[in-house]
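> pasting a predicted model and its sequence here:
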Amino acid sequence: MHLKLQFTEAGLAACLSAKDKGLKAQVTHMAFGSHAYTPSKTQTSLSNEEERIEISDYEDQGNQLRVAGLFEGELEYAIREIGIFMGDTLLGVYSQENKLLGYRTPAVKIVQWFTIGIEALPTDSITVVIGTNNLNLILDTEFVTGGLAFVKGQTALVKQAHWNMQLSEKIRQMEGSK
């Protein structure tokens, strides 16, 4: 999903401040909220934040950043606003009046990727900090489960091939005894 964020004054100020010091502002979190509205550059928080998570993975694509996070747990709500944070500072918001962006349920683990256009920010002024739960660790359970299913399938295939070889040998022996 490509997001055209409404960058906030606070977020822009943090980027400029970091750049003036020879540093980069650090994008650290993304959040979902349940209120639909037209975002404002003066915002300092989401209108109705439901859940905030650390960034789990990212790709720098020049004028765009692709960031990902894992939303899991027992929460349930309509997703109507998305925020990108630098620590506690809101960098930008995406929301639209009367628009449902998605729905979060406890039964579904959401690994969400967002592409963020950053051409409106000062050049080379931000970086992304990966949290403790990077996607390589998050997907371990899924990879192990998939690997186990593959091994079980291959085991069944070998057993079937062995059975076929034994059956062929019995048929060959029966034909030889005639």
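Structure received. Numbers count the residues shown, from 1 in each chain.
> need the contact list for the residue nearest to residue 28 when sequence neighbours are not counted.
Of all residues not flanking residue 28 in the chain, residue 129 sits nearest, at 4.9 Å (CB to CB, 6 or more residues apart in numbering). Placement of C-beta: from N, CA and C, glycine included. By CB atoms under 8 Å, 6 or more residues apart in numbering, the contact list for residue 129 reads 26, 27, 28, 55.
> the second one: how many residues sit nearby?
Residues lying near residue 27 (other CB atoms under 10 Å) number 25.
> which residues does it contact?
Counted by CB under 8 Å, 6+ apart, residue 27 has contacts 55, 58, 65, 67, 84, 85, 86, 91, 126, 127, 128, 129.
> what pairs with it across the strands?
residue 128 (DSSP bridges).
> so where do the strands sit in the chain?
For the chain, applying DSSP state E gives strands covering 2-3, 6-7, 25-27, 29-33, 49-54, 57-60, 64-71, 77-79, 81-86, 89-95, 102-104, 110-117, 126-128.
> from the chain's centroid, how far away is the fifth one?
The chain centroid and the centroid of strand 49-54 are separated by 13 Å, computed with CA atoms, centre = their mean, to the nearest Å.
> who does it touch, helix- and strand-wise?
Contacts defined by 3 or more CB pairs under 8 Å, 6 or more residues apart in numbering; DSSP states H and E place strand 49-54 against strand 29-33, strand 64-71, strand 77-79, strand 81-86.
> how about 10 Å then?
strand 29-33, strand 64-71, strand 77-79, strand 81-86, strand 110-117 (3 or more CB pairs under 10 Å, 6 or more residues apart in numbering; DSSP states H and E).
> likewise for the fourth one?
In terms of contacts (3+ CB pairs under 10 Å, 6+ apart), strand 29-33 is packed against strand 49-54, strand 64-71, strand 77-79, strand 81-86, strand 89-95, strand 110-117.
> nice, that's everything, thank you.
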